[in-house]
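Q: Pasting the sequence and the predicted model now:
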Amino acid sequence: MTVTRREALGLAVGGAAALTTLRFTAPAFAAGNAVEDAIMEFTGGAKPGSGDIAIGAPEIAENGNTVPIEVSAPGATSIMLLAAGNPSPGVATFHFSALSGAQEAKTRIRLAKTQDIVAIAKMPDGSAIMTKRSVKVTIGGCGG
């Protein structure tokens, strides 16, 4: 089968249009119950309770491009971080073993706007604990 230049150009333009459409519509689908769905998938359907889990984050982040986050949950087997206001809320999942010195992690994340950071920890007995922390993202890094 031979493809002419005109057909190849038509396919390329059509593909680019389809990708652009998908790129701009995908976050709208993720915005619904993406956070709740991610929590239920991570916990295996169990409703997380409260417990010894902590999020360290600035109250006000002048630059939403790089926000330092710390999370710790003593005894946890894994911890998942979610940014509830981002188009794709999943940020990171950290897994720990018996050889881990501590069940804590530090990272930097991008925040699209002022929002809640959610941390869910899975414990060895199968239970899950959760906490939230609000981070205000200022526009233009002006600090107000």
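A: Yes, it's here.
Q: Could you give me the buried positions within stretch 39-58?
A: Going by neighbour count (16 or more other CB atoms under 10 Å), the buried part of stretch 39-58 is 39, 42-43, 48, 51, 53, 55, 57. For the C-beta atoms, the positions are set from N, CA and C on the backbone; glycine is no exception.
Q: Now, those that are in strands?
A: In strands, defined here by DSSP state E, the members of the buried residues of stretch 39-58 are residue 55.
Q: ok, residue 108 - contacts?
A: When contacts are counted by CB atoms under 8 Å, 6 or more residues apart in numbering, residue 108 touches 66-69.
Q: can you put these in CSV and add distance to residue 112 and secondary structure?
A: Formatted as CSV, these follow (distance: CB to CB, whole Å; DSSP: H, G, I helix; E, B strand; the rest coil):
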residue, distance to residue 112, secondary structure
66, 13, coil
67, 11, strand
68, 17, strand
69, 15, strand
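Q: Where is pLDDT lowest across the residues you listed?
A: When these are compared on pLDDT, residue 66 comes out least confident, at 90.
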